[in-house]
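Chemist: Dropping a prediction and its sequence here:
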Amino acid sequence: MKVQEIMTREIDVVSPETTLRDAAERMHQLDVGVLPVCEMDRLVGVITDRDITVRATADGLDPFATQVGEVMSRENLIICSEDEDVEVATQRMREHQVRRLPVLDRDQRFVGILTLRDVAVPLENGETSTATLKPVSQPC
């Protein structure tokens, strides 16, 4: 099974110019802890609730003036390709202990996210998200 068959396509994104306040409000409305950061259709990073708390609030940055691009995670992003096998993507989730992977198409455009919820369906090898969730949830 390919990632594109089960991934979530309708994903809200923010731009690097979005304020932390607006990003946090959107996270609250959507009940999510991460938002992809895109310029046009290109993924340039992700902003997490942890980024906002640890990189901004703890340093006393003004959430109304500080932009997402100043504190987002941009290096070493763990991603997958839409035509990648789900088993390979879930292995990456386990290895890096992440619950979601931004998905790019062949042209490196952001097209969605693969989440643990998406892989809750049985995989071709008989494995389910339980096999992925356990290692992802282990403390580092």
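Modeler: In hand now; what should we look at? Numbers count the residues shown, from 1 in each chain.
Chemist: Now Arg74. Nearest residue, chain neighbours left out?
Modeler: The shortest distance from Arg74 to any residue that is not its chain neighbour, by CB to CB, 6 or more residues apart in numbering, is 3.7 Å, and that residue is Gly45. All C-beta atoms are positioned from the backbone trio N, CA, C, and that covers glycine.
Chemist: So the one you found, which state does it fall into?
Modeler: strand (DSSP: H, G, I helix; E, B strand; the rest coil).
Chemist: residues in contact with it?
Modeler: Residues touching Gly45, when contacts are defined by CB atoms under 8 Å, 6 or more residues apart in numbering, comprise 16, 36-37, 68-69, 72-74, 77.
Chemist: Out of these, which one has the weakest pLDDT?
Modeler: Within the contacts of Gly45, pLDDT reaches its minimum at Arg74, with 89.
Chemist: Thought Arg42 was touching that residue, still the case?
Modeler: No. At 12.0 Å, Arg74 and Arg42 do not qualify as touching, with contact defined as CB atoms under 8 Å.
Chemist: Please, where are all the strands along this structure?
Modeler: Remark: strands assigned in the chain by DSSP state E are 34-39, 42-48, 80-81, 100-104, 110-115.
Chemist: hey, what's the spatially closest residue to Asp83 that is not a sequence neighbour bridged with?
Modeler: With CB to CB, 6+ apart as the measure, Lys2 is the residue that lies nearest to Asp83, at 5.6 Å, once sequence neighbours are left out. Under the criterion DSSP bridges, Lys2 forms beta bridges with Asp85.
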